[in-house]
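> I need the structure of the sequence given here:
(2 chains)
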Number of protein chains: 2
Amino acid sequence: MAPVAPGGTIGILGGGQLGRMLAMAAAQLGLKCHIYCPDTEVPAADVAAALTRAPYADAAALAAFADAVDVVTYEFENVPAETARVLAEHAPVRPGPLALATAQDRLTEKNFLSRQGIATAPFADVASAGDLAAALERIGAPAILKTRRFGYDGKGQARIAGAAEADAAWDAIGRTPAILEGFVPFEREISVVVARGIDGETAAYDPVENIHKDHILDRSYAPAALDAALAAEACAIAGRIVAALDYVGVMGVEMFLLPASAGTARLIVNEIAPRVHNSGHWTMDACAAGQFEQHVRAICGWPLGSPARHSDAVMTNLIGAAAVDWAAIAAEPGARLHLYGKAEARPGRKMGHVNRLFPLGKRPPVT
Amino acid sequence: MAPVAPGGTIGILGGGQLGRMLAMAAAQLGLKCHIYCPDTEVPAADVAAALTRAPYADAAALAAFADAVDVVTYEFENVPAETARVLAEHAPVRPGPLALATAQDRLTEKNFLSRQGIATAPFADVASAGDLAAALERIGAPAILKTRRFGYDGKGQARIAGAAEADAAWDAIGRTPAILEGFVPFEREISVVVARGIDGETAAYDPVENIHKDHILDRSYAPAALDAALAAEACAIAGRIVAALDYVGVMGVEMFLLPASAGTARLIVNEIAPRVHNSGHWTMDACAAGQFEQHVRAICGWPLGSPARHSDAVMTNLIGAAAVDWAAIAAEPGARLHLYGKAEARPGRKMGHVNRLFPLGKRPPVT
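As a prediction, this is how the structure comes out:
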């Protein structure tokens, strides 16, 4: 398959910050971007050569969009299957439908991981209140009930402390197809951002440790403080996942690190995201090639860039009103400020991030 | 003066690669860009929120453009004075008119430098064939006759080996107002990219050594191999220039290093460019804040970023057909490829550049 050469055009579904940073990375490599997004405010369009503003169900608009580009990618995993199918008739869609189908459904995802022999939290399919009761009996409490589809940043989830809370949880998530996940007493949450090229080459960035606030990623510490064997194992797991999906592009793989005393696997996979990932934003400033360039390289059939880390980094999301501190951050030596060009700083909205760089081995401890 | 805050808009005159890289740096900081350019192909527009395609003499279009932005800057020094005047009635223009007037005219520039006590090659005003004869007598041959205005990349210049060639040289440059510059037997050509903020703060990147081919910059080696005192002197000269011009933004200052045996000043200034500079492209990948971000910070009234070099670098321009090697460069570990999105690789056209990074102190020697 011939690569998409400089001068070619990448179509991106979604016009938020991930699409925006993809478009900037593509431009650096001489590639144009065409954004497809139904929203009124489209931060990615400010740095893209073209914008189609249309619903994701508009088959004619999708076809015209895909005809105008050389490859289609996306910034969010909930691309409707029918949207992807229409697009794929007109242009390659990367990552492909298997990755989308797997990542869009928590049950499909967990079953896929289990088939690969990759450890996860205990889980059970919940299609009814009766299923939930049976699942709770098997898995035990505490546990977390999650909708199979369309969950993100803690949405579509209900914690269950004991069987008495089952009905309320089932109501809370809207009595929709779900899975019950056993509570895992993890020590730390880590993630690996991995890339796979069209030729099957893979490249993983160093695992990072993630700290959440209000169910939204707050900080990533790069690298995670892991012994070398565990770090290598985390990267190997991510590599097995992208290989099994015949994946093309960058993927975020979220994992839990269990205490050594657990007597089980230390690393279990929580979820995968078939796209560039918030926990990979540190790579923009601390690695030879950042995740956005890496994704562009992969989907365009270019050789992957080096994921080598030249600095340690702490990435902090600027959420909602936090972005008003831009002037103080801009004045801070060594802080790399990234703002997404969003007009309104609503609570919980990702407005930007800052990467603070440190010499190798010198990042501050996780707090 | 209040800074231009995130969400604000920078107007950029010129739509080539410098405007393009400025627009990307601005976007990273949450600022929008509006390009003003008369050309059909506008590489910067692919990464900008808005484009006005109109002549530089269209006062109505200029006024509407300047009314739509918070600050105006430019990617080329030959902005007509009348254009700058019209714009300045509607928005701040940075760098300001004094810098433009000084850099647009080689005689004005040399006189300015002399007034600052900054060494230059010997020079003389040439308004006629008679002036040229007198100037040659005073300065001696070999010497270089240069048009006062609109020269770049070796254009508008004629070398004079002896008095017998004077008439031919005067014809060659079109019998237009000129200066004669004495030939300077320099050891090396270096440059300093310096920034000055609205509050007068200055920050210089390390001096680099520049190698030209066919009168076009081919490579910059960062840092130049200079002893610390000379490097500091080069930066201090650049700092004096921007201070004397009450300058706001990034400036490129080209200098010649004379042999120690000359018994004169070792550093003389060749010319200044009131804009981001090709010899500063290495800073994009080897410094905490690159020159494009630095220019955006300066003209928006933000604090300057750190110019500290975290890596050594060799920047190589990809000129004309050289850009066909993109795939080999993309496969080279540690090479940072930048392509400008230009459709046609005409001879002499700057299509992109590549920054090759090396650990501090480890850059290869100049070849």
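> Counting residues, which helix of chain A comes out longest?
For chain A, the longest helix by residue count, based on DSSP state H, is helix A:228-244.
> ok, residues contacting that one?
Contacting residues not belonging to helix A:228-244 are listed as A:112-113, A:116, A:118, A:190, A:192-196, A:200, A:202, A:204, A:206-207, A:223-224, A:226, A:247, A:251, A:253, A:255, A:257, A:266-267, A:269, A:272 [Cβ atoms under 8 Å, 6 or more residues apart in numbering or on different chains]. C-beta coordinates here come from the backbone N, C-alpha and C atoms, glycine included.
> Take these and keep only those in helices.
Residues of these located in helices (DSSP H): A:F112, A:L113.
> Just the buried ones from the contacts of helix A:228-244, in PyMOL syntax?
The following PyMOL line selects those of the contacts of helix A:228-244 that are buried, judged by 16 or more other Cβ atoms under 10 Å in any protein chain shown:
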select buried, chain A and resi 112+113+118+190+192+193+194+195+196+202+204+206+207+223+224+226+247+251+253+255+257+266+267+269+272
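> wait, A:I211 sits on A:N317?
No. Using Cβ atoms under 8 Å, A:I211 is not in contact with A:N317, being 10.1 Å away.
> Which one's more surrounded, the two?
A:N317 (22 against 15; other Cβ atoms under 10 Å in any protein chain shown).
> Can you tell me, leaving aside adjacent residues, what's nearest to A:G320?
Once flanking residues are discounted, A:G320 sits nearest to A:P347: 4.5 Å by Cβ to Cβ, 6 or more residues apart in numbering or on different chains.
> my read is the one you found is in a strand, agree?
No. Secondary structure of A:P347 (DSSP: H, G, I helix; E, B strand; the rest coil): coil, not part of a strand.
> can you tell me which residues contact it?
Contacts for A:P347 were tallied using Cβ under 8 Å, 6+ apart; they are A:I319, A:G320, A:A321.
> cutoff 10 Å now
Contacts for A:P347 were tallied using Cβ atoms under 10 Å, 6 or more residues apart in numbering or on different chains; they are A:D214, A:I319, A:G320, A:A321.
> ok, now which ones touch the second one?
For A:I319, the residues meeting the contact criterion (Cβ under 10 Å, 6+ apart) are A:213-214, A:216-218, A:345-353.
> Got phi/psi on it?
phi -110, psi 130 (degrees, to the nearest 10).
> Could you give the bridge partners of it?
Beta-bridge pairing for A:I319 (DSSP bridges): A:K350.
> Relative to A:A25, how far out is the closest residue to chain B within the stretch 51-200 of chain A?
In the stretch 51-200 of chain A, the residue found nearest to chain B is A:L51; the distance is 10.6 Å by Cβ to the nearest Cβ. Going from A:L51 to A:A25 by Cβ to Cβ, to the nearest Å gives 18 Å.
> Between the two, which is the more surrounded one?
More neighbours surround A:A25 than the other of A:L51 and A:A25, with 24 against 17 (other Cβ under 10 Å).
> Mind telling me what element A:N210 is part of?
A:N210 is part of strand A:208-213 when elements are defined by DSSP states H and E.
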